[in-house]
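*Asks:* Structure of the sequence below:
(2 chains)
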Amino acid sequence: MAAGVLSGVRQVLRGPRLVSAVLSCHGQTFSSAAAPDTGETVRDKILNFPITQPDYFHLSELFTIKDLFEARVHLGHKKGCRHRLMEPYLFGSRLDVDIIDLEQTAEHLQQALNFTAHVAYRGGIILFVSRRRQFGHLIETTARECGEYAHTRYWKGGLLTNAPIQYSPGVRLPDLVIFFSTLNNVFQQHVGIRDAAKMNIPTVGIVDSNCNPSLIPYPVPGNDDTPVAMEMYCRLFKMTINRAKDKRRQMELLRGISASV
Amino acid sequence: MWICECGILQDVSLQCAKGCDVVFASCLSACRRANMAASGCRGVRSILWKYGSYGNNLFVSRSKMVPQLPLRQIYVASSLWKKNLAAAGPQKFTQEFIDKQVEEFEVGKRHLANMMGEDPETFTQEDIDRSIAYLFPSGLFEKRARPVMKHPEEIFPKQTAIQWDAEGRPFHFLFYTGKQSYYSLLHDVYEKILAIERHQDKMRNKGLFTSDTKQILLTGSRWLLKEEIEENLVENISVQDYMRLIQLMELLLSMPYCSLEEEFILKFRKQLEVQSSKYEIPALQYDPQGVAFSVADGRRKSAKASITLRDSGSGNITINGRNYLHYFPVLQNREQLMFPLLFVGMMGRFDIEGSVEGSGHSAQAGALRLAISRALLSFVSEGEVEKMRQAGLLTADPRIRERKKPGQEGARKKFTWKKR
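*Replies:* Reported below is the predicted structural model:
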């Protein structure tokens, strides 16, 4: 395995700036004498080509606005609970209940799913986070079925910011954190959002009308209280991740490379 | 004092008339000889640099070695160079080390069996303990300080291995919570609760739901303690975590169909040892002549007695091969021997053959009395047994010699009290 390419990809996985990092790790610059040239360029093609496509994994066929409506994703909280920064995402309010604009939600969800798929395609670690006790088991099961990781329990202080002490030296941090609910049990913003931002880890978050979307790179305005909505999100993320991983395995089999990066 | 390239403190007096080169040579050779820890050097270097920026120039320019600015002697505590033993934590062993230990244990077990002249294939842990106690007799009171030969799994504490694969992806899906085993356990318990609820719903739909299903037997067992669970999970959990786990298990137990998960629940229950050890009545044996006899033991203080009670006798009592009149000249002791037989009214019926050792004459008589009462149990009816128990014949006398305390003459006697 060419050490240079590996380090280049590791840079990619560590930082959120996927495009720029990918463009920097050309095989020619970092090639070592040991591995053959063809292996590296093929691997680069596998990694670089999907990024050039807008919807490489065809994720737009996974959901429609009607599905979102039937899963009650458009239902927000009462007008009094509204967060100021969520106003752009709201369609309006009816009988004091905020309605989230599903067209914007669909766009944001598409972008979030696309990003998740690319991270999973490149073998990144995805962490599902939520502090809602009602859906904790569902999220943990979803994570286990995709082969990714979950944290639906009490968030200890330095899990991301003090990782070598909390776990062991040499631990690898998650490359993407997906928040199924950005609030904790006392209706304050989850500490993980701030910590992921501190550690330059990109975040996808389902923001309800009482949440703060500022620190989240890929917010998805939507309902996080209804079981139907949560099951739909879990199903969507699971399908994207599985699709991306299957695609990766397929590409590697096609190009005949056994070792995965 | 100044610091050389590799970080070893050198005295200024090492400089020779030639200047830098000699000094460098001396310090380089000293570096090769000495094997100082890099961390210690770095700490020292940083301290010295505070006192002058000329430190950088020392490394670069070899020609102008002798510094023009005044040097100050700086002393650094040796604790900076020593390794912080407390910060290291409990000693960690690699998996290869433990595997090697297991191999050595197996080989050593076979050697030991050969030494003791026993079959290496059927050499159990009890045999090992016995052999070690025989080969290395130890008079130490602390059992844990005596020589021990046990399987390495019982000696080395359980450790967590590296938690992720070659690419850095952790194996367990709850790794990032910090307490993966504990939360995974909670996840499993909740999974089982949901499964039982689904089963309940199915039964309700079919119309077969009943509340009186097979209940799990919980008497005589207790929940595992927090320490025992920590040992099983190889993780530290807090008191609140432990209570939450027990709450979840109780919830699981409260459901009507919990017997589906009986095996799982019993893994978290520990059987309590039977508190009261009921004394078994010694079996009535028959010798070749057809005469019934029973054997029993008794103890009092440090005297141990063993009695054989033979039926159809004429009231002869033999102790340690001698007649009881010779062995116990004191009347009180002979009365002690006689009392159980007098109480049940079988005075002339039995022949008593006894052996006793240890302690003094009174304690020996008491031990013999207890042994006779126990032997009588097999010849006597249930009601009589109860009467004997109430008479105190079957209770072992718990009184022993009280220890002497410091600051006192004896167990109770104090030194002479002086008012002034």
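
*Asks:* What segments of the chain are strands?
*Replies:* Since no chain was named, I'll use chain A. A:75-78, A:90-94, A:97-100, A:126-129, A:149-151, A:176-179, A:203-207, A:218-221 (DSSP state E).

*Asks:* should've been chain B
*Replies:* For chain B, applying DSSP E gives strands covering B:2-3, B:9-10, B:221-223, B:269-271, B:285-286, B:292-300, B:303-310, B:317-319, B:322-323, B:351-357.

*Asks:* List the buried residues of the third one.
*Replies:* Using 16 or more other C-beta atoms under 10 Å in any protein chain shown as the burial criterion, the residues of strand B:221-223 that qualify are B:Trp223. All C-beta spots, glycine's among them, are computed from the backbone N, C-alpha and C.

*Asks:* for it, packing partners?
*Replies:* strand B:269-271 (3 or more C-beta pairs under 8 Å, 6 or more residues apart in numbering or on different chains; DSSP states H and E).

*Asks:* Give the partner strands of the strand it packs on in its sheet and their orientations.
*Replies:* Strand B:269-271 has its sheet partners listed here by DSSP bridges as strand B:221-223 (antiparallel).

*Asks:* pLDDT of the partner strand, averaged?
*Replies:* Strand B:221-223 carries an average pLDDT of 91.

*Asks:* Residues in contact with that strand: which ones?
*Replies:* B:246, B:249, B:266, B:268-272 (C-beta atoms under 8 Å, 6 or more residues apart in numbering or on different chains).

*Asks:* 10 Å - rerun?
*Replies:* Contact with strand B:221-223 is made by B:229, B:242, B:245-246, B:249-250, B:265-266, B:268-272, as judged by C-beta atoms under 10 Å, 6 or more residues apart in numbering or on different chains.

*Asks:* One more: stretch B:195-202?
*Replies:* With C-beta under 10 Å, 6+ apart as the criterion, stretch B:195-202 contacts B:208-209, B:252, B:255-261.

*Asks:* In helices, which of those fall?
*Replies:* Among the contacts of stretch B:195-202, the members falling in helices (DSSP state H) are B:Leu252.

*Asks:* Tell me the predicted confidence for the residue in the stretch 101-250 of chain A positioned nearest to chain B.
*Replies:* The minimum distance from the stretch 101-250 of chain A to chain B, using C-beta to the nearest C-beta, falls at A:Arg172 (3.3 Å). Note for A:Arg172: predicted pLDDT of 92.

*Asks:* give me phi/psi at it?
*Replies:* Per-residue torsions, A:Arg172: phi -100, psi 130 (degrees, to the nearest 10).

*Asks:* Run a quick neighbour tally on the residue in the stretch 251-400 of chain B that chain A sits nearest to.
*Replies:* Residue of the stretch 251-400 of chain B nearest chain A, by C-beta to the nearest C-beta: B:Leu251 (13.8 Å). Here the number of neighbours of B:Leu251 (other C-beta atoms under 10 Å in any protein chain shown) works out to 13.

*Asks:* tell me the contacts of it?
*Replies:* Contacts of B:Leu251 (C-beta under 10 Å, 6+ apart): B:189-190, B:193, B:258.

*Asks:* and chain A, which of these contact it?
*Replies:* Applying C-beta under 10 Å from any C-beta of the partner chain to the contacts of B:Leu251, one finds that B:190, B:193 fall near chain A.

*Asks:* Surely B:Glu106 and B:Ile128 touch.
*Replies:* No. Counting by C-beta atoms under 10 Å, B:Glu106 stays clear of B:Ile128, with 11.5 Å between them.

*Asks:* Model confidence score at B:Ser46, please.
*Replies:* 40.

*Asks:* Check the chain and tell me which residue is nearest its centre.
*Replies:* Answering for chain A, as no chain was given. A:Thr116 (4.2 Å; C-alpha atoms, centre = their mean).

*Asks:* wrong one, chain B
*Replies:* Nearest to chain B centroid, counting by C-alpha atoms, centre = their mean: B:Arg144, 8.3 Å.

*Asks:* pLDDT score assigned to that residue?
*Replies:* For B:Arg144, pLDDT reads 90.

*Asks:* Okay, it and B:Glu126: tell me how far apart.
*Replies:* 18 Å (C-beta to C-beta, to the nearest Å).

*Asks:* Name the residues of chain B found near chain A, please.
*Replies:* Near chain A, when you scan chain B using C-beta under 10 Å from any C-beta, you find B:160, B:162-164, B:166-170, B:172-180, B:182-184, B:186-187, B:190-191, B:193-194, B:240-241.

*Asks:* Buried subset of those as a PyMOL selection?
*Replies:* Selection of buried members from these for PyMOL, criterion 16+ other C-beta under 10 Å:
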select buried, chain B and resi 164+170+173+174+175+176+177+178+179+180+182+183+184+186+187+190+193+241
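
*Asks:* And the helices in the stretch 101-250 of chain B, which stretches?
*Replies:* B:125-135, B:152-155, B:180-206, B:226-233, B:239-254 (DSSP state H, counting those that start in this stretch).

*Asks:* Could I get the CA-only coordinates of the first one as PDB?
*Replies:* What that stands for is helix B:125-135. C-alpha atoms of helix B:125-135 as PDB (Å, rounded to 0.1, in the frame of the first residue of the first chain):
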ATOM      1  CA  GLN B 125      -6.000 -27.400  40.100                       C
ATOM      2  CA  GLU B 126      -6.600 -29.100  43.600                       C
ATOM      3  CA  ASP B 127      -3.700 -31.500  42.900                       C
ATOM      4  CA  ILE B 128      -1.500 -28.600  41.900                       C
ATOM      5  CA  ASP B 129      -2.300 -26.700  45.200                       C
ATOM      6  CA  ARG B 130      -1.600 -29.800  47.200                       C
ATOM      7  CA  SER B 131       1.700 -30.500  45.400                       C
ATOM      8  CA  ILE B 132       2.900 -26.900  45.800                       C
ATOM      9  CA  ALA B 133       1.900 -26.900  49.500                       C
ATOM     10  CA  TYR B 134       4.000 -30.100  49.900                       C
ATOM     11  CA  LEU B 135       7.000 -29.000  47.900                       C
END
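
*Asks:* Go through it and flag the buried ones.
*Replies:* Neighbour-count burial for helix B:125-135 flags B:127-128, B:131-132 (criterion: 16+ other C-beta under 10 Å).

*Asks:* quick revisit: check pLDDT for the contacts of strand B:221-223 and point me to the minimum.
*Replies:* B:Leu272 (84).

*Asks:* tell me the contacts of that one?
*Replies:* Contacts for B:Leu272 (C-beta under 10 Å, 6+ apart) come out as B:219-222.

*Asks:* Same list (those residues) but as a markdown table, adding distance to B:Asn320.
*Replies:* As requested, those are exported to a markdown table (distance: C-beta to C-beta, whole Å):
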| residue | distance to B:Asn320 |
| --- | --- |
| B:Thr219 | 47 |
| B:Gly220 | 44 |
| B:Ser221 | 47 |
| B:Arg222 | 47 |
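
*Asks:* Determine which two of those residues are furthest apart.
*Replies:* B:Thr219 and B:Arg222 (10.4 Å; C-beta to C-beta).

*Asks:* mind checking the longest helix of chain A?
*Replies:* Using DSSP H to define each element, chain A has its longest helix at helix A:227-255.

*Asks:* buried set for that one?
*Replies:* A:229-230, A:232-234, A:236-241, A:243-245, A:247-248, A:251-252.

*Asks:* Lovely, talk soon.
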